[in-house]
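Student: coordinates for the following, if possible.
(one chain, ligands or ions: 1)
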Amino acid sequence: MAKIKVNNMSQKEKIYNILKEAEDILSGEKISIMLGISRVSVWKHVKGMVHSGIPVVTSPQGYRLTPDPDSLNPWEFGEWQDRMHYFQEISSTMDEATELARQDCPDFTVVVAERQTQGRGRMKRVWFSGDGGLYFTVVVRPDIPVMLASLVNLAAAVEMAALLRSSYGIYASLKWPNDILIDRAKICGILSQMETEGDRISHLRIGVGLNVNNSPELDEPGAVSLKTLSGHPVSRREILVAFLNRFEERLTGFDPETLIADWRSNNTTIGRHVSISTVKKTVQGTAVDIDSHGGLILKMADGSHETAIHGDCFHT
Ligand code: BTN
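Tutor: Below is the predicted model:
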C-alpha cells in the first residue's frame, strides 16, 4: 500500500516543489546540486515518488512533473497538507481514520484514497470505490454533547451540497439523513462513526464518497457523477479543499439552529411518504420535519408522530 509520507519537508517534497516550479525538464545533476545530495539519491527519491503515483516523467535528459489539477497528493493541499494522509489504495479510509483517531490525531485529520478495496456504506452496504471517485474520511473532535452528534453528519451533507450548487451549478438536494441527490440520482453518500468517553465525544469519523470522475452508474443504477453532469472531468482536489474549508468553518462556533434551517431549506425528504429501515425494524409515514437533534419526525397513518434517529430512508 503506497502512502505519501506527511512530515517536515522531506527530500521527496523538496524535489516535488523544484519540479513544480521548473519550466522544462530538469536534470538529476541540477537537482542534486540544488539539494546538496547525490544524483543517485535524487534518482531513488524520484523512483519512490513515481511508486506513490506522482506523475514524474523520466528521460535521459532528466525529470519533469506532469501538471495534474486532479492530484490528491498532500503536497498540493496548502495549509491542509500536514493533516492529509493519502493512499493510492486502501481497504477503507474509515479503517485508517480509526487508527489515527485512536492515536490522538489532530482535529480535522483527513484520510483520502484513490480507490478502496472494501469501501462501505451505511447498513453494511458495499460502496463501490473505483478510480476517479473522491473517497475520504475526516476525523473531527467537536466539543458538543453526544446527543447532538448526528448534527455533525447533517453539517457535512449541508456543506457538500452547498458546494456542489455554488461551484458546479447543479441542484444538489439532501435526503435524510445525509445523502445528496441530483433529482433522484445519488451523487454522494456519508457514513459516520463515533467514539465516546463518558458523556463526551472522543471523535467522529465522517466518511464521504462523492462520485466525481468515476462511472458509478456501472455498479449502481440510479447513481450519477459530477463528470457526467458537467460534461467534463472535475478536480477532486478543488472539491476536497473547498469542502474542508466549509466544514471547518461550519463546526467552528457550531450553531445547531442555523444548521437545521439550512438542512430544511435544501432537503427533498420533508413532505414525502418515506420508509425508514434500521437493523431492528422498518417504519413508514410522512416526513414532516427534523427535530433539534437531526431526527426525522414522521406522521404515521394513525395520525401519531414518531421520530427516526437513524436508519436508511427510502422515498416511496
Ligand atoms: C452511504 O451512502 O451508505 C455512505 C457511503 C460512504 C462512503 C464513504 S467513501 C469514504 C469512506 N470510506 C468508506 O469505506 N466509506 C466512506
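
Student: pretty sure residue 210 contacts residue 234?
Tutor: No: under the criterion of CB atoms under 8 Å, residue 210 is not in contact with residue 234, lying 9.8 Å apart. Quick note: C-beta positions are derived from backbone N, CA and C, even for glycine.

Student: what residues are shared contacts of these two?
Tutor: Between them, residue 210 and residue 234 share the neighbouring residues residue 226, with contact defined by CB atoms under 8 Å, 6 or more residues apart in numbering.

Student: which one of those two is surrounded by more residues?
Tutor: Relative neighbour count places residue 210 above the other of residue 210 and residue 234, with 25 against 21, counting by other CB atoms under 10 Å.

Student: contact partners for the more buried one?
Tutor: For residue 210, the contact set (CB under 8 Å, 6+ apart) comprises 133, 134, 160, 187, 188, 226, 236, 239.

Student: can you pull out the strands in the stretch 201-316 of the chain?
Tutor: 273-277, 282-290, 296-299, 305-308, 312-315 (DSSP state E, counting those that start in this stretch).

Student: against which helices or strands is the fourth one packed?
Tutor: Going back to what we said before, that points to strand 305-308. Contacts of strand 305-308 with other secondary structure elements, assessed using 3 or more CB pairs under 8 Å, 6 or more residues apart in numbering; DSSP states H and E, are made with strand 282-290, strand 296-299.

Student: nearest to the ligand, of these?
Tutor: Smallest distance to the ligand across the helices and strands packed on strand 305-308 (CB to the nearest ligand atom): 15.8 Å, for strand 296-299.

Student: what is the burial count for the nearest residue to residue 301 once chain neighbours are set aside?
Tutor: In space, and not counting its chain neighbours, residue 301 is closest to residue 285: 6.9 Å by CB to CB, 6 or more residues apart in numbering. By the criterion of other CB under 10 Å, residue 285 has 20 neighbours.

Student: pretty sure residue 285 sits against residue 306.
Tutor: Yes: using CB under 8 Å as the test, residue 285 is close enough to residue 306 to be in contact (6.7 Å).

Student: overlap in contacts of these two?
Tutor: With CB under 8 Å, 6+ apart, residue 285 and residue 306 have common neighbours 298, 300.

Student: same for the lengthiest strand in the chain, what does it pack against?
Tutor: Scanning the chain for the strand with the most residues, using DSSP state E, yields strand 185-197. Packing partners of strand 185-197 (3+ CB pairs under 8 Å, 6+ apart): helix 93-102, helix 149-168, strand 179-182, strand 200-210.

Student: tell me which of those lies nearest to the ligand.
Tutor: With CB to the nearest ligand atom as the measure, strand 200-210 is the member of these nearest the ligand (2.9 Å).

Student: wait, what's in contact with residue 11?
Tutor: If you count contacts by CB under 8 Å, 6+ apart, residue 11 has them with 35, 37, 41, 45.

Student: which residues are in contact with the second one?
Tutor: What that stands for is residue 37. Taking CB under 8 Å, 6+ apart as the test, what residue 37 contacts is residue 11.
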